[in-house]
Structures are given as C-alpha cells and as structure tokens.
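fold the following.
(chains A and B)
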Amino acid sequence: MVEKLNKSYAGTKVLNDISFSIEESSITSIIGSNGSGKSTLLRSLLRLIEPDSGNIHFLGDDITKIKKKKLRKVRAQVGFVFQKHNLVPKLSVLSNVIHGSLANKKGPRYWFESLSPKKCREEAMECLKAVGLEDFAKRKSTKISGGQSQRVAIARALMQKPQLILADEPVASLDPKNGEKIMKLFYNLAKEKNITLIFVSHNVDHALKYSDRIIGLNGGKIYIDKNSKECTKKEIGDIYE
Amino acid sequence: MNNAPHRFEKPSILSFILFTLFIAFLAISFEGAEISLSNLLNGIPEMGRLIEEMTPPSLDRLDSISLSLLETFQMAFIGTVVGVLLSIPLAILASKGLSPHPVLYHISRSLVSFFRSVPDLVWAIFFVASVGLGPFAGFLTIVVDTIGFCARFFAEAMEESEKGSQEALEAIGAGKLDIIFSSVIPHSIPSFVNTSLFALEKATRSSVVLGLVGAGGIGIELKVSMDMFRYDQAATIIIAIFLLVIIVEQISSRVRKKYIGSE
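This is a model prediction of the structure:
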C-alpha cells in the first residue's frame, strides 16, 4: 500500500501525494506520458530513488522507515526488470540468471556459474526453461538478441522466487513482435506462479490486454485508477493529450 | 564588408603572464640542461669509436648473459603478477562508489599516487638497502611499481564500468562485495587485461635497468661490461635486451588482440 508519496527534483514535483494499494497476485500497469512520474514511482517503491515523504507498506514493513539491512531483505523478495535488461555483458546467460540468487545468498559461489552449487544451477536452468531459453545457458549475454536478453532478465527475477515483480518499461527497447511476446510471457508467469506484477508502459494496448488494473499518471498525480476491463482506449489516450 | 572574426583572440592578462613565464622558463631550462651543439658534434667521433668497438658483438659469455636475461624476465613476470593481484583490492578501495569509507578511499588513492610518483630506480635503491643486493629487491621494486600503475587504471576502469547491471543487483538486495565481483569486475576485465599487459611490458624494460643499482637482472652484466671497456660484450647484452623487450611486446600485443578483440 502506498500512502501520500511525494518526490520533487529541483523544486518540480514529480510525485504528488500518490496513494494506492495493490491486491496480491494482481497485475497492475502504470501508464502516463514522459515525465509523468511512472519510473520515479516504480523506483521509489524499492527506494532505488528516495521519496521525500509518504509511506510504502509491503510485507508488514514501512519501506520508507526501515534501515539498509532490512531494506535489502525486502528487495530480495521483489524482482525488478529494467527497460534495458541490465545483464552483465561479459558473463554467460546462466551466470546472469544465477545472480538472482544474490538476493538471498552471498559469496563467490553465486558470482559465476562455474563456482555455483549444483542445486542453484538446476534452479537457474528451471528459470531459463520457464522463459524458453534453456538452450542458451552457456552463451555470452552479449551474443543474444534484445528480446532474449529481456527473457534472461525475467529468469534472473524468477530466480529470487519473488512475491512481487516490478518492471520498468520492459518492452520499450524491443520491436512490437518481441514486445508482445515478452508481455505475454510476463502475464503467463505472473498468473501461473501467483506473482504480483506492476509494470510501467507507454503501450495502451499492453495495459488493456495484460493488466487487471490501470493506474494513469499525469503531472505526478493519479489521473486514472480503474479496472482495465472498465477502461476505454480513448480514456487512456486522454492522458497523453 | 568583412564579417569574419579575428584569427586570434586577444588573450587575458593572466593568460599573457602565464605564457610569458612559460617561455622564460623554457629559455632557462635550455641553460640548466647544458644543451650544447658543439659538445654533441665533438661527441660524434667518440660515438663512432664506441660502435666500432661494439662490433662484432662478443659471444664469449652468452651462457651467463642468457641466464641473466632469464632471471630478468622471471623477476619482471612474477613481480607483475603479484603487483596485479595486489592492485585489485587496492583499486576497489580507491574507487569512488565502491570504497567502503571515504577515509579508506583517500588513504588508498594517496598510497597509489605515492607508489606511482616515486621512480622505480629510487624504489630499487630503497629495497637494495633494506633486503640486500639481488633479484628479490628487483621483484619488490616491480611489485610496487606495478601497483602504482595498475591500481590507478583498475580503479578508473571500475568507476567507469556500466552501471545498469550494478543497479539491477542493487535492486534485488545484493551486497556491495557481491555486486563488485559479479558485475563490476567482470565488466572491467578487458581493461584489467590490457593494463596488466602494459605493466608487464613496462616491468620488462624496468627490470633491465634495475640491475644497475644492484637489484638483480641483466643490468649488472651491462654495467660490468661497460666498466671493463668490453663494449663487444655490452653489445651482445644490448641486443639480448632488445630481443627480450620485442618478444614480450609482440606476445603481449597478440594476447591483447586475441582477448580484447574477441569481446
């Protein structure tokens, strides 16, 4: 649950008293034009950006109040998928997926796949299978396509066994066909594994098709907060006017 | 009408003063360095005589020269490897954003600057005085010199490494050390390899002169030959040094091309 979240940059309010709550195992899309505060909101939820004021309640904690150590434990339960996949380019696909274990484990055995425990490798292979890339495990992450890289980033998030996945414009750097595939994958995985998913998107069709609820931001304020079935394309399009 | 701007802008008073001081110091430096064309011209026949005495190079002491050359390279090689390994933790401490504390950051930065600014011959004299004559003093000199060179470039490479994957690991709650070894170092490896190979080339060249102050290697052989006016033996040593440096540079260049070229 998010209560009265505020964030300003150089005197400009980017988030203005944002409040909403998310149901477990639901899929929520956050839409809005450039600079409307979507990414700031998503990053503030994990304090990757420190909000100026407000509260974020997750798993019994107010994230805005907890110390660094506790914050790490909270972050460990949340997968975060970025627009540009953010894989380590010099390492294999499998090593990148194994990095997801660093949410809960520490040390050299989780730095590279060659050092990792058998169980961890098997779990990573399962995650790769879930995104359809089990045959790419040994390939360097620079030798796969953008769509495949985003799948690896999803597999890395699954490796955390997260309760919640936050995705910041996960298909923005992909072509429409691959973007559709990735959104479908997200949707299926979230439904199948009962993961709560919040994704930021510019794509109105994706918001309508793949989310249960749409939150529209405009000028740092909530402009729409509706069940996606009740939203019309025109209504959402007005946000971008 | 000519609207083109002036070719030169009028300098500010400060720029003019600085430029005048620069020219004045350049003129004084000519005198300080005792640069003399007549001395150079008078020295040419002497250079010719020296080269004449160097030819043909003598192969009398080829065995001992080869052994000294091997010792020189061993000293350079092991010194570089140890120096590179020690540079990594120091570079982490000296990297903005990775160092665990600002005090540690400043201490390690200063230490690296100190290692780098003291010339290798001065380190060699220091180590010869502390651990005695021989290759061990040379090894220690190369270690310190390599740290001064590598730690700085390693730290810069890590500071400039791509931030996306670091942010991704930070977002899942990974610890700083895990982020450094899983993301920062793998990303910086090509730069580490490149710098280490340059350090090896540099160490090979330094290890040759370290012998002049008694820190092991072929330098001492060269000094003895020159002191005993055996210029033909000195010529053999100089050719051997030249070959060693060329071979190391060639191998290093190939490794660099193969490793970094494939990235």
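
CA atoms for contacts and neighbours, from now on please.
Fine.

so which helix or strand takes in the residue nearest to the spatial centre of chain B?
Centroid check for chain B by CA atoms, centre = their mean gives B:Lys202 as the closest residue, at 4.3 Å. Using DSSP states H and E, B:Lys202 maps to helix B:185-210.

how far is that helix from where the chain is centred?
Distance of helix B:185-210 from the chain centroid (CA atoms, centre = their mean, to the nearest Å) equals 8 Å.

do any residues in it lie close to chain A?
Yes: under the criterion of CA under 8 Å from any CA of the partner chain, chain A is reached by helix B:185-210 at B:186-187.

gap between B:Gly83 and A:Ser149?
Distance, B:Gly83 to A:Ser149, by CA to CA, to the nearest Å: 37 Å.

more neighbours: which of the two?
B:Gly83 (27 against 20; other CA atoms under 10 Å in any protein chain shown).

assign that one to helix, strand or coil.
helix (DSSP: H, G, I helix; E, B strand; the rest coil).

mind listing what it touches?
B:142-147, B:150 (CA atoms under 8 Å, 6 or more residues apart in numbering or on different chains).

phi and psi next, for A:Lys70.
phi -70, psi -40 (degrees, to the nearest 10).

shaky segments in the chain?
No chain in the question, so chain A it is. By pLDDT under 70, chain A contains no weakly predicted segment.

chain B was what I was after
B:1-2, B:261-263.

what is the burial count for B:Lys176?
16.

wasn't A:Asp225 part of a helix?
No: A:Asp225: not assigned to a helix; according to three-state DSSP it is strand.

give me the neighbour count for it.
16.

what residues does chain A put near chain B?
A:46, A:48, A:71-82, A:84, A:86-91, A:99-100, A:102-104, A:106-108, A:111-112.

give me phi/psi at A:Lys67?
According to degrees, to the nearest 10, A:Lys67 has phi -80, psi 170.

measure the residue nearest to the centre of chain B to chain A for me?
27 Å (CA to the nearest CA, to the nearest Å).

tell me which helix or strand comes right after the longest helix along chain A.
Longest helix of chain A, by residue count under DSSP state H: helix A:176-193. Note on helix A:176-193: by DSSP H and E, the next helix or strand toward the C-terminus is strand A:196-201.

tell me the strands beside that following strand, with direction?
Sheet pairing here is set by DSSP bridges, and for strand A:196-201 it gives strand A:27-32 (parallel), strand A:164-168 (parallel).

ok, and for the first one, which residues are buried?
Taking 16 or more other CA atoms under 10 Å in any protein chain shown as the neighbour-count basis, strand A:27-32 is seen to contain the buried residues A:27-32.

let me have those in TSV, adding distance to A:Ala157 as columns.
TSV is the format used below for those (distance: CA to CA, whole Å):
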residue	distance to A:Ala157
A:Ile27	16
A:Thr28	17
A:Ser29	18
A:Ile30	20
A:Ile31	22
A:Gly32	25
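
would you map the strands across chain A?
A:2-9, A:12-20, A:27-32, A:53-58, A:61-62, A:78-81, A:164-168, A:196-201, A:213-218, A:221-227 (DSSP state E).

may I have the longest helix of chain A as CSV, with CA atoms only?
Extracted in CSV, the C-alpha atoms of helix A:176-193 (Å, rounded to 0.1, in the frame of the first residue of the first chain):
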residue,chain,number,x,y,z
PRO,A,176,6.4,-4.8,-31.4
LYS,A,177,6.5,-8.5,-32.1
ASN,A,178,9.1,-9.3,-29.4
GLY,A,179,7.4,-6.8,-27.1
GLU,A,180,4.2,-8.7,-27.4
LYS,A,181,5.9,-12.0,-26.7
ILE,A,182,7.6,-10.6,-23.6
MET,A,183,4.3,-9.1,-22.2
LYS,A,184,2.6,-12.5,-22.8
LEU,A,185,5.4,-14.3,-21.0
PHE,A,186,5.1,-11.8,-18.1
TYR,A,187,1.4,-12.3,-17.9
ASN,A,188,1.5,-16.1,-18.1
LEU,A,189,4.3,-16.4,-15.5
ALA,A,190,2.6,-14.0,-13.1
LYS,A,191,-0.7,-15.9,-13.3
GLU,A,192,0.9,-19.3,-13.1
LYS,A,193,3.2,-18.5,-10.2
